[in-house]
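A.B. asks: Turn this into a structure:
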Amino acid sequence: MKPLNASAVTQPYLDIHPEVAQALAGHQPLVALESTIISHGMPYPQNVATALRVEAEVRQHGAVPATIAIVNGRLKAGLTEAEIEILGTSGRSVSKVSRRDIPFIVAGGTTGATTVAATMVIAAMAGIRVFATGGIGGVHRGAQHSFDVSADLQELAQTPVAVVCAGAKSILDLGLTLEYLETHGVPVVGYCTPWLPAFFTRDSAFKVDYQLDTAQAIAEVMHAKWSMGLHGGLVVANPIPEASAMPRAVIDAAVEQALHEVQAQGIGGKESTPFLLARVCELTGGDSLTANIELVLNNARLAAAIASAYQCLVRQ
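C.D. replies: Predicted coordinates for the structure are as follows:
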């Protein structure tokens, strides 16, 4: 197989943090982390503290973290603490960057926080195959009228990165999200569960495509898929820890109210998800923020284990 860091050589817009570069050169396991969760997903200072905790969790479990963003027009695979602090204090004034936005932020020399889709793009450029996040985007409720479908799903169809998440965000239409992924050949793997987690809750009314119970088994699927030249990534759905899960009735009620407010205020596009998550946090008295932090840490642990197992397979 081609060395994981071969693509990085041909990327003149990409800066790789020295720790990440050393890991790539030494064929060590790496885990990509997104930055939208810092700027748009949580309030300051919890966002910065969580970002640093997630990086520490990855290191503690045997992998090297690479938080992804665009800083002053440069694609970044790995951030300094100072750069994470800037994203956290700037909050939503920082651009939220998906695939379509990358060339504009780069050409303009500005700073942007990367969504799941953009993080996958930059991680793949750097040669990183495993990515931990909170939850993926998906098909929004009412998409039959709005056509509001997250770019995350199309990115999963074409970019070879495994995304470890707590399922799709509960504000979405989970059934249609699974249908979209199936149509585009993206497998959804449940880690130790046959059910699709719904972000704040451990399950939903929908089943995953495959249940796998070890990081090794997931890594073997990744290795087989990409060794055969099959395009795209895969979703690894990791349920939120039971102690941190929230009652489905509480979350459903908060989501329904938040969705009503989105429609009433005419909020749409890439601004809808940050608004909805912030309102759900407010409506649950902050409980959903605590749950969000715990599920991201949980995903970082699993991602590190998968990255370690995958790297062992690549070395063989």
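
A.B. asks: Identify the residues contacting the spatially most central residue of the chain.
C.D. replies: Residue closest to the mean C-alpha point of the chain, counted by CA atoms, centre = their mean, is Thr133 at 3.1 Å. With contact taken as CB atoms under 8 Å, 6 or more residues apart in numbering, Thr133 is in contact with Leu33, Glu34, Ile37, Val116, Thr119, Val163, Val164, Cys165, Val296, Asn299. Yep, even glycine has a C-beta here, placed from its N, CA and C like the rest.

A.B. asks: From those, pick the one nearest Gly78.
C.D. replies: Gly78 lies nearest to Leu33 out of the contacts of Thr133, by CB to CB, at 9.4 Å.

A.B. asks: And the closest one, how far from Asn292?
C.D. replies: 14 Å (CB to CB, to the nearest Å).

A.B. asks: Neighbour count for the two, which is higher?
C.D. replies: Leu33 (29 against 25; other CB atoms under 10 Å).

A.B. asks: doesn't Ala66 make contact with that one?
C.D. replies: Yes: if you go by CB atoms under 8 Å, Leu33 and Ala66 touch, sitting 6.7 Å apart.

A.B. asks: Burial check on Gln216, number of neighbours?
C.D. replies: For Gln216, the count of nearby residues is 15 (other CB under 10 Å).

A.B. asks: so where's this protein uncertain?
C.D. replies: For the chain, the stretches with pLDDT under 70 are 1-10, 270.

A.B. asks: which one is Val296 nearest to, not counting chain neighbours?
C.D. replies: Once flanking residues are discounted, Val296 sits nearest to Gly134: 5.0 Å by CB to CB, 6 or more residues apart in numbering.

A.B. asks: which helices and strands does the helix with the most length in the chain pack with?
C.D. replies: For the chain, the helix with the greatest residue count under DSSP state H is helix 287-315. Packed against helix 287-315 by the contact rule (3 or more CB pairs under 8 Å, 6 or more residues apart in numbering; DSSP states H and E) you find strand 30-33, helix 46-60, strand 130-132, strand 162-165, helix 215-227, strand 234-237, helix 248-265, helix 272-283.
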